[in-house]
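Undergrad: sequence-free structure coming up:
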């Protein structure tokens, strides 16, 4: 069986990780807690050493909705399944979106709010220092400078609460703002064979600076938070049929073929789908197949 190492490696700052990782957003959806724990442990068994998560990833469906009763948090499942953590495992989390009983979802902007979110991640994961923290923003044209918010995270890094920093849901000018403050090890944006192809320029910009590009929705595409799309292009379907693989595996293979600095973080709460996703890291597409997909 293929392992995550088949996809090759890239450095998140000063740490080398396999390019095939795991996204934790969907592991809270199954009401059987043991299933989520099994998927997480199996991911690590298969060589995954980069897990993406967030304090606001919670049941049902992976994204927290305030006021729906008891919830399962992805971070707590990761801790239960994997702690004490293997020394080579990198857990990347994010701050910005938050939950509050009075406000519902909110966007953290103040130093106190960002610190609280960082401390929540520390507590849920059971660590003293977070490996990587991404500042996730909601883009607002003309009024969305990240300098102040990213600077506050850089202060928390200087305090020893965070090792490395990244940004999410951003443009190139945001990355340039962040780089003027502190090193950026990764950028997380939505991107797929049929989604946000304007991001090709971002990938090139980051590759020139040895920064990882970590796309989400590579499998989901336009379905986004709803999960794996069933709406595949004719090219994706044809290549999958010819290769004897799933359309989802073709989508992941295409993602990894875009540039050596691209890291995949497909998420699932299903063991069989996890194994299929990881196997996609070994799928080599020909120049003709890539041209057809483009």
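TA: Arrived safely. As the structure is a computational prediction, the values presented were derived from the model and not from experiment. Numbers count the residues shown, from 1 in each chain.

Undergrad: if I pick residue 130, what's in contact with it?
TA: 91, 93, 118, 121, 122, 161, 162, 163 (CB atoms under 8 Å, 6 or more residues apart in numbering). C-beta coordinates here come from the backbone N, C-alpha and C atoms, glycine included.

Undergrad: just the ones in helices from the residues you listed, please.
TA: 118, 121, 122 (DSSP state H).

Undergrad: just checking, the first one touches residue 160?
TA: No. Counting by CB atoms under 8 Å, residue 118 stays clear of residue 160, with 11.3 Å between them.

Undergrad: comparing the two, which residue is more hemmed in?
TA: Neighbour count, other CB atoms under 10 Å: between residue 118 and residue 160, residue 118 has more, with 23 against 9.

Undergrad: now that one: how far from residue 92?
TA: 13 Å (CB to CB, to the nearest Å).

Undergrad: what do you get for residue 209?
TA: Counting by CB to CB, the gap from residue 209 to residue 92 is 18 Å.

Undergrad: between the two, tell me which one has more neighbours.
TA: residue 92 (29 against 11).

Undergrad: and that one, bridged to which residues?
TA: residue 52, residue 132 (DSSP bridges).

Undergrad: per-residue pLDDT, it?
TA: At residue 92, the model reports a pLDDT of 98.

Undergrad: list the contacts of residue 210.
TA: Counting by CB under 8 Å, 6+ apart, residue 210 has contacts 11, 261.

Undergrad: on that earlier part again, out of the contacts of residue 130, who's nearest residue 286?
TA: residue 91 (35.1 Å; CB to CB).

Undergrad: which ones are touching the closest one?
TA: So residue 91 contacts 51, 53, 78, 85, 125, 127, 130, 131, 132 (CB under 8 Å, 6+ apart).

Undergrad: ok, 6 Å please
TA: Contact analysis of residue 91 by CB atoms under 6 Å, 6 or more residues apart in numbering lists 51, 131.

Undergrad: any idea how far residue 127 is from it?
TA: In terms of CB to CB, residue 91 sits 8 Å off from residue 127.

Undergrad: now the helices: where do they sit in the chain?
TA: Counting by DSSP H, the helices of the chain are 33-45, 74-82, 111-125, 147-158, 172-179, 200-207, 234-243, 247-257, 271-279, 287-293.

Undergrad: dump these to JSON lines, plus mean pLDDT.
TA: As requested, the helices of the chain are exported to JSON lines (pLDDT from 0 to 100):
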{"stretch": "helix 33-45", "mean pLDDT": "96"}
{"stretch": "helix 74-82", "mean pLDDT": "96"}
{"stretch": "helix 111-125", "mean pLDDT": "97"}
{"stretch": "helix 147-158", "mean pLDDT": "98"}
{"stretch": "helix 172-179", "mean pLDDT": "96"}
{"stretch": "helix 200-207", "mean pLDDT": "96"}
{"stretch": "helix 234-243", "mean pLDDT": "93"}
{"stretch": "helix 247-257", "mean pLDDT": "95"}
{"stretch": "helix 271-279", "mean pLDDT": "96"}
{"stretch": "helix 287-293", "mean pLDDT": "94"}
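
Undergrad: looking at these, which is buried most?
TA: helix 247-257 (a mean of 24; mean count of other CB atoms under 10 Å).

Undergrad: tell me what angle it forms with helix 271-279.
TA: 30 degrees (axes from the mean of the first three to the mean of the last three CA atoms, to 10 degrees).
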